[in-house]
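# Quick one, fold the following:
(chains A and B)
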Amino acid sequence: MLIQRAADILSSEITPEGVYQNRREFMKTALLAPAAAVQAFNTTEKVTAYEYATTYNNYYEFGMDRADPSKNSGKFQTKPWAVTVEGMVKKPARYDLDDLLKGLAPEDRTYRMRCVERWSMVIPWRGIPLASLIRKLEPLPSAKYLEFKAILARDQMPGQRSRLFGGGLDWPYAEGLRLDEAMNPLTLIAVGMYGKPLPNQNGAPLRLITPWKYGFKGIKAIVAIRFVETQPVSSWMKAWPEAYGFYANVNPSVEHPRWNQSREQRIGEPGNPFLGQATRPTLMFNGYAEQVAHMYAGMDLRKSY
Amino acid sequence: MREWIYARATDSRFYLFLTCTLPAALLVRAIATGNLGANPLETIRDTTGIWTLRFLVVTLAITPVRRLTGWHKIIQARRVIGLCAFFYAVLHFVSYVWLDQFFALDGMIDDLTKRPFIMAGYASFVVLIPLAVTSTKKWIWRLGGRKWRLLHRLIYFSAAAGVVHYFWRVKLDVQSPVIYAVLLGTLLLARLPRSILERKRAAAEAQILQAKSSRWR
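Got it, this is the predicted structure:
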C-alpha cells in the first residue's frame, strides 16, 4: 500500500540555489512580499467538501449532535460584534470587531484540521495571523499566556441553557495558548473560509485556528482576549482533566481515554469504506512538526497533553 | 424448494424478519450509492450499534407486553427479534474490526485492555453468541427448558453491557444513552414482581410437597 505523506512544501517552493546564493537581495524582496513565504504552510491535500465542513461540526453551544450547529445557529447575531482585550497589554479596550482587525491583512491558509474524535478535514481558511494582532495590541513583558472567551448568549444558544442539550460545559467556552504558540506563524484568527465569510456554525464572526492542535482548541465566536501571566484553564480541561490538557497537541502516541489517536478518518472519504483501509495515520503535530515542534523541545508531551 | 418458499410465505415471522432487516438494507443502499454522509465509517458503526440496542430492548419488551396484554402469540416473535439483535451486533462488530481497526490485532487488543467502553461492547457481544447458537427448538430440547431459560437470562447482562458501552462511548452527550438505560431499567423492573411471585409460589409448592411427603412417610 502507498502511504503518502502530505507534501506541505512543494518542490517548486524550495528556494532555488541561485536565489539562496543571492540571499541578501532575496531577504529584501521577501520582506516586501511576506505573503509568498506563507505559501509554505498551505497543504495541497484535497479540500473537504464545503457541505461537510458546514454540516458536520462540534459546537456544543448549538447542540451536541454534529448536525445540530448548522440547524440551530441560523439566527445567531454576529453584528455588531465587540471583542474585549484585557490584562497585561498596552492597549486594553472593548473593540468593535472592524476596529480590532483594521490594518491587518487577511491571508488564505489551507490547513488540516484534526478533531480529537478521530476525524479530520482540510479547510481553506481566511484569517489574520494572530501574531500581527498581538503585535498591534502590544502585550506587556509579564504576559505569558492568552486566554480566550467565547460569547455567553443563553437566549441564542440552546446548549448554554440546557445541560442535556449542551453537555454542561462551563460556559462561556474558554481556551488558552502560550504566548509563543499564539505568536506562531501558523496561528490564525479566522474570519472566513472557502472564500466566504465564516458561517455561524463554524464560529462566526471570528475563531481561533491552531492546526497542530486538536480542533476543540479552536474557540469560536470569540468575545474576549486576555493577556495573562499564568496558564489559563479551558472548558474541556475543567470538564474532564484526565482526557483534556492545556496543550491538546495532535499526537498519535498520546492516547485519549476514549480514543486511540494513532489513526483518523478524513471526512467525506472514502465513499465506500469497505474498499481498502478507511482510516489514515495521524501525523505528529498534525503534520506541522517542522513549524511547531521547537516550541515543545524538552517537554514531556505525555504529561503535558 | 417450493415447500420451503410456501412455508416462508405463510409464516408471519418471515415477514417480521424482513422488516427487521430494513435498516440494514437501507445502510447497504447508502453504501452502494455513496450516501453515507460526512463520516461513512461512523455512520455504519453508529447505525449498526444503535439498532443492536433497539432490538435488544424490543426483545426484552416482549415478555412484559405479553403478560400485560395477554397477547400470548407475541412470544413467537421473540426469537426472530432476538436474532436480529444478534445480526446487528455482528454487523457492528464487523464494522469495528474491518473499518475501524482494519484487522489490526494489536490495535484491538490495545482497545480491549485499555478502554472500558470497548470492553463493555465486547462483553455484550460475546454473551450474545451462545444465545444465538442455542436459539433453535432443537437446542431448547437438548438443554431442557429450565436450563435453556437460565442460559438465556444472559440477555439481561448483554443489554446492560450494551447500554453501558453506549454510555461510556459518548463525551458529554448522555441524553440518548440515558433514554436506553431508563427503558432497559423499566423492562427489567417489570419482571421483578412476577419473579418474586414465582419464587413465593415455588416455595409454597415445595412446602406442600414436603408436607405431603412427610404424611406418606
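
# give me the number of residues near the residue lying closest to B:H152 once chain neighbours are set aside?
Among residues not flanking B:H152 along the chain, B:L131 sits closest, at 5.8 Å (Cβ to Cβ, 6 or more residues apart in numbering or on different chains). C-beta coordinates here come from the backbone N, C-alpha and C atoms, glycine included. B:L131 has 20 neighbouring residues, counting by other Cβ atoms under 10 Å in any protein chain shown.

# Could you check how many residues crowd around A:P273?
By other Cβ under 10 Å, neighbour count at A:P273 equals 25.

# show me what contacts the residue nearest to B:H152?
B:L131 is in contact with B:82, B:86, B:151-152, B:154-155, B:158, counting by Cβ atoms under 8 Å, 6 or more residues apart in numbering or on different chains.

# Which positions in stretch B:38-57 come out as buried?
B:38-45, B:47-57 (16 or more other Cβ atoms under 10 Å in any protein chain shown).

# next one: it to chain centre, how far?
Counting by Cα atoms, centre = their mean, to the nearest Å, stretch B:38-57 is centred 14 Å from the centre of its parent chain.

# Kindly report the same for stretch B:117-134.
9 Å.

# Likewise for stretch B:18-32?
On Cα atoms, centre = their mean, the centre of stretch B:18-32 falls 19 Å from the chain's centre.

# got the CA positions of that stretch in CSV?
Extracted in CSV, the C-alpha atoms of stretch B:18-32 (Å, rounded to 0.1, in the frame of the first residue of the first chain):
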residue,chain,number,x,y,z
LEU,B,18,-37.7,-9.0,6.5
THR,B,19,-39.0,-5.9,8.3
CYS,B,20,-36.2,-6.1,10.8
THR,B,21,-33.6,-6.2,8.1
LEU,B,22,-34.8,-3.0,6.6
PRO,B,23,-32.3,-0.7,8.5
ALA,B,24,-29.5,-2.9,7.2
ALA,B,25,-30.9,-2.8,3.7
LEU,B,26,-31.1,1.0,3.8
LEU,B,27,-27.5,1.0,5.0
VAL,B,28,-26.4,-1.3,2.2
ARG,B,29,-28.1,1.0,-0.3
ALA,B,30,-26.3,4.1,1.2
ILE,B,31,-23.0,2.2,0.9
ALA,B,32,-23.8,1.3,-2.7
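
# Show me what that stretch is in contact with.
Contacts of stretch B:18-32 (Cβ under 8 Å, 6+ apart): A:272-274, B:35-36, B:40, B:43-44, B:47-48, B:51, B:55, B:80-81, B:84, B:87-88, B:91.

# before we move on, back to that, secondary structure class for the residue nearest to B:H152?
Using DSSP: H, G, I helix; E, B strand; the rest coil, the structure places B:L131 in helix.

# Local confidence estimate at it?
Per-residue pLDDT puts B:L131 at 96.

# For chain A, what lies in contact range of chain B?
Contact residues, chain A versus chain B (Cβ under 8 Å from any Cβ of the partner chain): A:52, A:55-56, A:60, A:64-66, A:117, A:119, A:164-165, A:167-169, A:239-240, A:255, A:257-258, A:260, A:262, A:265, A:267-274, A:277-279.

# Recalculate using a threshold of 6 Å.
By Cβ under 6 Å from any Cβ of the partner chain, the residues of chain A that approach chain B are A:52, A:56, A:64, A:119, A:164, A:167, A:265, A:267-268, A:271-273, A:277-278.

# pretty sure A:D108 is touching A:I128, no?
No. Contact between A:D108 and A:I128 fails when scored by Cβ atoms under 6 Å: they sit 11.5 Å apart.

# Neighbour count for those two, which is higher?
A:I128 (20 against 15).

# avg pLDDT for the helix or strand harbouring the more buried one?
For A:I128, the host element (DSSP states H and E) is strand A:119-129. For strand A:119-129, mean pLDDT is 97.

# contacts for that strand?
Here strand A:119-129 makes contact (Cβ atoms under 6 Å, 6 or more residues apart in numbering or on different chains) with A:45, A:47-48, A:53, A:101, A:104, A:106, A:108-110, A:112-114, A:188-194, A:209, A:264-267, B:39.

# So which residues of the chain form helices?
Answering for chain A, as no chain was given. Using DSSP state H, the helices found in chain A span residues A:17-21, A:23-32, A:34-38, A:50-55, A:68-72, A:97-101, A:130-137, A:158-161, A:163-166, A:179-183, A:235-239, A:289-292.

# switch to chain B, that's the one I care about
Under DSSP H, chain B gives helices at B:2-9, B:12-20, B:22-33, B:40-69, B:76-94, B:105-114, B:116-133, B:137-143, B:145-152, B:154-169, B:175-216.

# what about stretch B:141-149, start to end distance?
Terminal residues of stretch B:141-149 are spaced 11 Å apart (Cα to Cα, to the nearest Å).

# what sits up against it?
B:I140.

# for that stretch, which positions count as buried?
For stretch B:141-149, by 16+ other Cβ under 10 Å, it's B:W148.

# what about that stretch, distance to the chain center?
19 Å.

# Likewise for stretch B:202-211?
35 Å.

# again with stretch A:280-298
That offset, for stretch A:280-298, works out to 14 Å (Cα atoms, centre = their mean).

# and chain B, which of its residues are near chain A?
So chain B meets chain A at B:31, B:34, B:38-41, B:99, B:102, B:172-173, B:175 (Cβ under 6 Å from any Cβ).

# Single out the residue in chain B that lies closest to chain A.
Chain B approaches chain A most closely through B:L172 (3.1 Å), counting by Cβ to the nearest Cβ.

# thought that residue was touching A:G167?
Yes. Taking contacts as Cβ under 6 Å, B:L172 lies within contact range of A:G167: 3.1 Å.

# Centroid-nearest residue for chain B?
Closest to where the C-alpha atoms of chain B average out (Cα atoms, centre = their mean) is B:L56, at 3.4 Å.

# Can you get me a residue count around the closest residue to B:V174 other than its chain neighbours?
Nearest residue to B:V174 in three dimensions, chain neighbours excluded: B:F167, at 6.6 Å (Cβ to Cβ, 6+ apart). Using other Cβ under 10 Å, B:F167 is surrounded by 16 other residues.

# which ones are touching A:I222?
So A:I222 contacts A:148, A:206 (Cβ under 6 Å, 6+ apart).

# distance of the residue of chain A found nearest chain B from B:G49?
Closest residue of chain A to chain B, Cβ to the nearest Cβ: A:G167 (3.1 Å). Separation of A:G167 from B:G49 (Cβ to Cβ, to the nearest Å) stands at 20 Å.

# ok, back up a step: would you mind giving the orientation angle of the strand holding A:I128 with respect to helix B:40-69?
For strand A:119-129 against helix B:40-69, the angle by axes from the mean of the first three to the mean of the last three Cα atoms, to 10 degrees is 120 degrees.

# neighbouring strands for strand A:119-129, and are they parallel or not?
Using DSSP bridges, strand A:119-129 pairs in its sheet with strand A:107-114 (antiparallel), strand A:188-193 (antiparallel), strand A:263-266 (parallel).

# Which parts of the stretch 151-300 of chain A are strands?
A:174-178, A:188-193, A:196-197, A:207-209, A:222-228, A:263-266, A:280-281 (DSSP state E, counting those that start in this stretch).
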